[in-house]
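Participant: Okay, structure incoming, though there's no sequence with it:
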C-alpha cells in the first residue's frame, strides 16, 4: 500500500476527498459481496486506489438467478427498445466521461489523453451496438426457398444467460466490447471484471443502473476470475460462456471449457483481439441461436388460377 | 381390428443392389484392410441376415486417413470454387441415377421402410449435394466476409438413423467450402457410406478428399482426438456429444454437435384434427421414431384430449408394420438389438412409473428387431417417458389448458431441438413459436427437411446449424 492515497486531490488541501465504496452490480442493485470480503486494488504504480468486493460463488449464483429472471423481459423487448437503451447507456457514459478517463488512466497506467481515447472508443462502441439490435436479424436470418409447398423463416434468437470473463488488460474498452454485443441481441449477462483493474467495471454498473436497462440484464462481479468463473462454467442455468478473460491462462480456459461441456454451453474460446479495431459482428453471432419455423402454404398456382 | 381391405405383399426387388461379401476402409481413394486386420459384420435388422463383413478402423487407420485428407487438402482447397462445385454436382447426379439401388441398400442395412428411403432419404441426399454444390463458387457472397477460408481436415461422426442423409449433411458443406473429410459411419449401418465411396470414384473426386472409416465408438473417439483434425462434426447422442465437447476443450478444433431431443408436438383445440393426427404419426412414427427431432411428447389441449386420442388410436390401427422392403410398409425394424433393448427398458420403466401403455393389435415378425407403435397416456412431466429420449416408436401424451401452460411444458426439457404447433389461428402460431426454445418449429406440419433450411438445437440438443447458408459457417474460418 502506498503512503498517500491517490484519491486525495492535491489542489484542495483544505478539503478531504470522499472515497467511494465500490460495490457489485447484481439484479439492478449494488450489494457488497455476500462473503464480506474485499481485496486491494492498486494503480499501475502500485498506489492503493480502493477496496473492491472479492466475490464468492454465492454471489455468482445470485447473479445467475438475477440474469435468468431478467431474460424473459429483455429478450422479449422489441429490438428497437433495446437499441434505445443501449444508446441511452452511451448518453449516460458521455456525461460521466471525465470520471471514466480518470479511472481508466489509473487502472491501465495511461496518460489522460490516451485514456480519453479509450473511453471515447468505448462510448462509441455502445452506439455501434445500439444500431445493431434491429438489424442483426435481417443480416443473419432469412427466408429459405424450400423445395415444396412450405414457407419457412430462420431467425436469430438470444441463447439465454451468458457468463463473460472480461478481458484482463483492457479494463474498460475491452469490457464494453464483450458486454454490449451479448445484451444487444437479447441475452442477459454475468460479467467477471478484470481481476487487477475492476474499478471501471464497477463504475459502469452505476451508469447501467441509470440507463433504463432493466435490473439483472447486466450483472457485474469483481474478484478472482478463476474462483468466480468455476461455478459459473459449471452452472446448469448458464447457457454460454465467453472465455476472453481467461486468455492469458490456457489451463484455466481448458478447465472451464470442460466444465461448460456438462450442459453443452456455447463456448467462445479466448482469442487475441485488438479492442481498438472495428469489432465486426462475431461477438453478436456467437451468442445467437437460429430458429427455423415452417408452415405449409396453399399452392394457388397449382389449382390453375391466373395472376 | 380386422382390416376391410387386405394388402397383397408388394416387395421391392433386391436385385438392384449388389452387396459384396466384404468391404475395406476407404482411404486415399482406395479400399484397404484395417491395419490390425479387424473386421465386423453388419446385419439386416429386419431379418438378422449378415449382409457383409466390414473392415474396422483402428487408431493407425485413423492416422492414415487423416494424413491422406491432409495431403489432399492442399490441392482441394486451392481449386477454384467453380471446379469444386462441378465435382459436387456430379456426385448429386450420380446419387440421383443410383437412387433406387441406394434406397434398397439403405433399407436392407438400416431396417427402415423402402417408402421412406425412396421418397425421403434419397431425394434429400441428392438435394443436399446439389444445394451445397452451388455454394462452392459463391462463398464470397455468403455473408462471412470476402474470401472465407476452409478449416482443413474435418473429422465427422454420423449416426445410424439416417446413414446416407447424415453423410450428405456432413460431406456436402465440407467439400463445398474446400475442406477434406474423414467420416466414420455407425457400426450398424456402414454400407451406404462405402457405396458413397464408390460414387466418389465414379465422380473422379481427387484421392484423399473423402475417406470413410467404418468402426465403433472408439474409432470415432480416435478421430475426434486426432491432433491434425481441424473440425469435428458429430450427430448422435447427447451423452457422446458431451464427451466430445470435453475432448476438444482447450484445442483449436471447431466443433458442431447435433444431439438428442424430446420434441413437443402441441395440439390446440382449434386444430384440424385429421391433419393433426397425420402430423402426430409423421412426428413420432417416421423412421420408427428413431429421429432426434421426433415429436415424442404430444401436448394436447385438455378439451379435445379424448376426441384426439380416439382418432389417433384409430389411425395407429391402420399402420402396417413388417418387411421394410414392402412398398406398403409404414413401420420397419428397429435398427439393432441394442436399440430395441433400450426402447424396451424405457417403456417398461414408463409402465412401472404408472403411465398407461397402449398399442394397436400388431403382429411382430419372428426374426429381426421389432417394436409395435406405442402410446403412453396419463403421463406427467416427471415421468421418465416424458423426459428421456426413447428414440423409438413411443409417444407420450400430456395435456394442457392454456397456451402459456403449453409453452411452459414444452420448454420444460433439457433438450431444445424441435417442436410442433397445431392450430388454425395464425397469431397463436407466431406467439407460441416465438416462445418455444427449439431450433426447428413445425407449424401445422412435422418432420419436414430441406437443404436450404438450417437445422439444429438449443440447449442440450447441441450447437451449430446444418443446412442452408448457416450450415457453411461450421466449415469456414469465421
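Facilitator: Everything's here; your move. Since the model is a prediction, treat every value here as computed from it, not as a measurement.

Participant: What's the local residue count around the closest residue in space to residue A:298 that isn't next to it in sequence?
Facilitator: Spatially, and ignoring its direct neighbours in sequence, residue A:298 is nearest to residue A:149 (7.5 Å; C-beta to C-beta, 6 or more residues apart in numbering or on different chains). Placement of C-beta: from N, CA and C, glycine included. Neighbourhood size, residue A:149 [other C-beta atoms under 10 Å in any protein chain shown]: 11.

Participant: got a pLDDT number for residue A:149?
Facilitator: What the model reports for residue A:149 is a pLDDT of 94.

Participant: hang on, it packs against residue A:296?
Facilitator: Yes - under the criterion of C-beta atoms under 8 Å, residue A:149 makes contact with residue A:296 at 6.0 Å.

Participant: so where's the stretch 151-300 of chain A uncertain?
Facilitator: Within the stretch 151-300 of chain A, the stretches with pLDDT under 70 are A:299-300.

Participant: For chain B, give me its nearest residue in it.
Facilitator: residue A:254 (2.9 Å; C-beta to the nearest C-beta).

Participant: Phi and psi next, for that residue.
Facilitator: phi -70, psi -40 (degrees, to the nearest 10).

Participant: With residue A:158 instead?
Facilitator: According to degrees, to the nearest 10, residue A:158 has phi -60, psi 150.

Participant: I figured it hits residue A:288, correct?
Facilitator: Yes - using C-beta under 8 Å, residue A:158 is in contact with residue A:288, at 6.6 Å.

Participant: Quick check: neighbours shared by these two?
Facilitator: Residues within reach of residue A:158 and of residue A:288 at once, by C-beta atoms under 8 Å, 6 or more residues apart in numbering or on different chains, are residue A:185.

Participant: OK, contacts around the nearest residue to residue B:331 once chain neighbours are set aside?
Facilitator: Nearest non-adjacent residue to residue B:331, counting by C-beta to C-beta, 6+ apart: residue B:321, 4.2 Å away. Counting by C-beta under 8 Å, 6+ apart, residue B:321 makes contact with B:329-332, B:362-364, B:370, B:372-373.

Participant: Out of the residues you listed, name the ones that lie in strands.
Facilitator: Members of those lying in strands (criterion: DSSP state E): none.

Participant: Residue B:158: which of those residues is nearest?
Facilitator: Nearest to residue B:158, judged by C-beta to C-beta, of the contacts of residue B:321 is residue B:332 at 19.4 Å.

Participant: what's the spacing between the closest one and residue B:41?
Facilitator: Residue B:332 is 20 Å from residue B:41, where distance means C-beta to C-beta, to the nearest Å.

Participant: Between these two, which has more neighbouring residues?
Facilitator: Just comparing residue B:332 and residue B:41: by other C-beta under 10 Å the higher neighbour count belongs to residue B:332, 29 against 11.

Participant: Wait, the more buried one touches residue B:115, no?
Facilitator: No - Residue B:332 sits out of contact with residue B:115 when judged by C-beta under 8 Å, with a separation of 9.0 Å.

Participant: helix, strand or coil for the spatially closest residue to residue A:279 that is not a sequence neighbour?
Facilitator: Leaving aside its chain neighbours, residue A:279 sits nearest to residue A:177 (6.0 Å; criterion: C-beta to C-beta, 6+ apart). Secondary structure state of residue A:177, per DSSP: H, G, I helix; E, B strand; the rest coil, is helix.

Participant: Which residue ranges of chain A form strands?
Facilitator: A:38-42, A:48-53, A:142-144, A:150-158, A:161-165, A:188-192, A:218-221, A:240-242, A:266-268, A:288-296.

Participant: CSV for the ones you listed, including distance to chain B?
Facilitator: As requested, the strands of chain A are arranged in CSV below (distance: least, C-beta to the nearest C-beta, whole Å):
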stretch, distance to chain B
strand A:38-42, 28
strand A:48-53, 29
strand A:142-144, 4
strand A:150-158, 5
strand A:161-165, 12
strand A:188-192, 15
strand A:218-221, 21
strand A:240-242, 9
strand A:266-268, 6
strand A:288-296, 4
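
Participant: how about TSV for the ones you listed, with mean neighbour count added?
Facilitator: Formatted as TSV, the strands of chain A follow (neighbours: other C-beta atoms under 10 Å in any protein chain shown):
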stretch	mean neighbour count
strand A:38-42	17
strand A:48-53	21
strand A:142-144	17
strand A:150-158	20
strand A:161-165	30
strand A:188-192	28
strand A:218-221	29
strand A:240-242	26
strand A:266-268	21
strand A:288-296	23
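
Participant: Tell me which of those strands lies nearest to residue B:184.
Facilitator: strand A:266-268 (23.9 Å).
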